[in-house]
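# pasting the sequence and the predicted coordinates here, then a few questions.
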Amino acid sequence: MTRHFLVDTDLTPAEQAEVLDLALELKANPYAEAVYAGEGAGRRTVALIFDKTSTRTRVSFAAGIADLGGVPLVIGAGESQLGHKESITDTARVLERMVASIVWRTYAQAGLEEMAAASRVPVVNALSDDYHPCQLLADLLTIREHKGPLAGLTLAYLGDAANNMANSYLLAGVTAGMHVRIAGPQGFLPAGPVVDAARLRAVETGGSVLVTTDAAEALAGADVVATDTWVSMGQEDEKAARAELFRSYAVDAAAMARAAPDAVVLHCLPAYRGYEISADVIDGPQSVVWDEAENRLHAQKALLVWLMKASQAAQADGE
Ligand code: CP
């Protein structure tokens, strides 16, 4: 059985911990897992398909694949037949015969599921409308570096709580055994099925879920405070209206005063200072956003290695 990573819960709690352990090892020794290089290594190329713009995801995957001895093949929006001249399934059937893995930033989660269903090589979600699971591996790695073991820590996410980052904070956070609090205005909270999935996973790990419209309730004593842009890709025309709607969920000095005194601040970037986060917070001593950005590299290298080895092990066992 080929292992894919389309949503945060595709890794069990134990598997997520293995990936994070490997990420720490690769951060200390970047060339220790040259899985794409040398005799007998198999395929060297990883397809990186970007239907949307990207800085961190694109560069961290490309650099990470090079570190692993591989060749990143970046395919930008409109540069392949995918989605207009050729179906997702037919594209997967071609790519799986040529590349080691397929990494795809796209819109619909269903597209990723279709790609994975037709691919015998791992498919990785590099951001969809619903989830951003690679970002969460980097975020968890960063929290672990700054706060120690993840289980039992409290994370408060404020802002647009109906977006892909809120969903992934819920699912990945409880997978790590964290207490995840999500705060946003009514109508901009996570969908019921995502909350249900998070609560189910939390039962397994000892984590918990709180979804609220009260930012102060989410922030009270939190170990980690996180936010994301209020204007996701494709929502640029709504910027003024969304700024008004989310204003009371901004991560600023007043918000940080409600969190634990040693709380750290995350933002997946790009950030809009003065909107979802104030300049004094993102550029201040509690911010770990640059470590978080760097950790995309280490976490995704670990993920690619882990998916390849897990897929090979399952195939060797006849699964
Ligand atoms: N955080 C993140 O995914 O950044 P990019 O959109 O630049 O890849």
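Arrived safely.
# close to the ligand: what parts of the stretch 51-200 of the chain are there?
54, 55, 56, 57, 127, 135 (CB under 6 Å from any ligand atom). (Each C-beta comes from the backbone N, C-alpha and C, glycine too.)
# the second one reaches residue 293, doesn't it?
Going back to what we said before, that points to residue 55. No: the pair residue 55 / residue 293 is not scored as a contact, 9.0 Å apart, by CB atoms under 8 Å.
# looking at those two, which is more packed in?
A direct count of neighbours by other CB atoms under 10 Å for residue 55 and residue 293 places residue 293 higher, at 19 against 10.
# ok now do the more buried one, which residues does it touch?
Shown in contact with residue 293 (CB atoms under 8 Å, 6 or more residues apart in numbering): 56, 138, 269.
# for the host helix or strand of it, what is the average pLDDT?
Using DSSP states H and E, residue 293 sits within helix 289-316. What helix 289-316 shows for mean pLDDT is 96.
# what sits against the closest residue to residue 207 other than its chain neighbours?
Nearest non-adjacent residue to residue 207, counting by CB to CB, 6 or more residues apart in numbering: residue 174, 3.7 Å away. Going by CB under 8 Å, 6+ apart, residue 174 touches 180, 198, 199, 201, 202, 205, 207, 208, 209.
# now with 6 Å, please.
180, 198, 201, 202, 207 (CB atoms under 6 Å, 6 or more residues apart in numbering).
# which strand or helix spans it?
Counting by DSSP H and E, the element that carries residue 174 is helix 164-175.
# same check, this time on residue 255
Secondary structure (DSSP H and E) places residue 255 in helix 253-256.
# give the buried residues for that helix.
Using 16 or more other CB atoms under 10 Å as the test for burial, helix 253-256 gives 255, 256.
# skip ahead from it and say which helix or strand is next.
Next element after helix 253-256 (DSSP H and E): strand 264-267.
# is the helix or strand following that next one positioned near the ligand?
Next along the chain after strand 264-267, taking DSSP H and E as the criterion, comes helix 279-282. No: on the criterion CB under 6 Å from any ligand atom, helix 279-282 is out of touch with the ligand, staying 13.7 Å away.
# give me the helices and strands touching helix 279-282, please.
Using 3 or more CB pairs under 6 Å, 6 or more residues apart in numbering; DSSP states H and E as the contact test, no helix or strand touches helix 279-282.
# so for that helix, mean pLDDT?
What helix 279-282 shows for mean pLDDT is 98.
# list the contacts of it.
Here helix 279-282 has contacts from 251, 252, 256, 265, 271, 273, using CB under 6 Å, 6+ apart.
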